[in-house]
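Enquirer: The following comprises the amino acid sequence and a computationally predicted model.
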Amino acid sequence: MFREYCSLCHAMLAALNELPSRRQFELDIVDVDADPVLEERYNELVPVLLAGERELCHYHLDNAALDAYLASIG
């Protein structure tokens, strides 16, 4: 979940974009404010990194959580 005016959102996106290419994943940026259900659920947690419905981290990129998730899927 992302907000255009959120500095933490931009920082997490930059951190994700700087990851080594060995970490292969698809990144979909979802504007939390475009969906009332998502806004209610994630309002104060943005940015939120999700893998499907699984929350990996919020506010700041958690490399360990991302690595563990990527290792678990293959």
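Expert: In hand now; what should we look at?
Enquirer: going forward, measure contacts between C-alpha atoms and count neighbours the same way
Expert: OK.
Enquirer: Show me the strands in this structure, by range?
Expert: 48-51, 54-58 (DSSP state E).
Enquirer: Columns mean neighbour count on top of those, output as TSV?
Expert: Below are these laid out as TSV (neighbours: other Cα atoms under 10 Å):
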stretch	mean neighbour count
strand 48-51	20
strand 54-58	15
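Enquirer: To residue 37, which of those lies closest?
Expert: Ranking the strands of the chain by distance to residue 37, with Cα to Cα as the measure, places strand 48-51 first at 14.6 Å.
Enquirer: what's the closest one packed up against?
Expert: Strand 48-51 sits against strand 54-58, with contacts defined as 3 or more Cα pairs under 8 Å, 6 or more residues apart in numbering; DSSP states H and E.
Enquirer: Could you check how far the strand it packs on is from the centre of its chain?
Expert: 7 Å (Cα atoms, centre = their mean, to the nearest Å).
Enquirer: what is the mean pLDDT for it?
Expert: Per-residue pLDDT values over strand 54-58 give a mean of 96.
Enquirer: mind listing what that strand pairs with, with the direction of each?
Expert: In the sheet, strand 54-58 lines up against strand 48-51 (antiparallel) (DSSP bridges).
Enquirer: Residues in contact with the partner strand: which ones?
Expert: 1-2, 42, 55-59, 61 (Cα atoms under 8 Å, 6 or more residues apart in numbering).
Enquirer: how distant is it from the center of its chain?
Expert: Using Cα atoms, centre = their mean, the offset of strand 48-51 from its chain centre is 4 Å.
Enquirer: rewinding a little: can you lay out the strands of the chain as TSV showing distance to residue 35?
Expert: Shown next, in TSV, are the strands of the chain (distance: least, Cα to Cα, whole Å):
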stretch	distance to residue 35
strand 48-51	15
strand 54-58	18
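Enquirer: Show the end-to-end separation of stretch 36-53, please.
Expert: 17 Å (Cα to Cα, to the nearest Å).
Enquirer: ditto for stretch 52-67
Expert: 16 Å.
Enquirer: Check stretch 6-26 too.
Expert: 22 Å.
Enquirer: same question for that stretch, mean pLDDT?
Expert: 87.
Enquirer: buried sites along that stretch?
Expert: 8-9, 12-13, 16 (16 or more other Cα atoms under 10 Å).
Enquirer: Nothing else from me, thank you.
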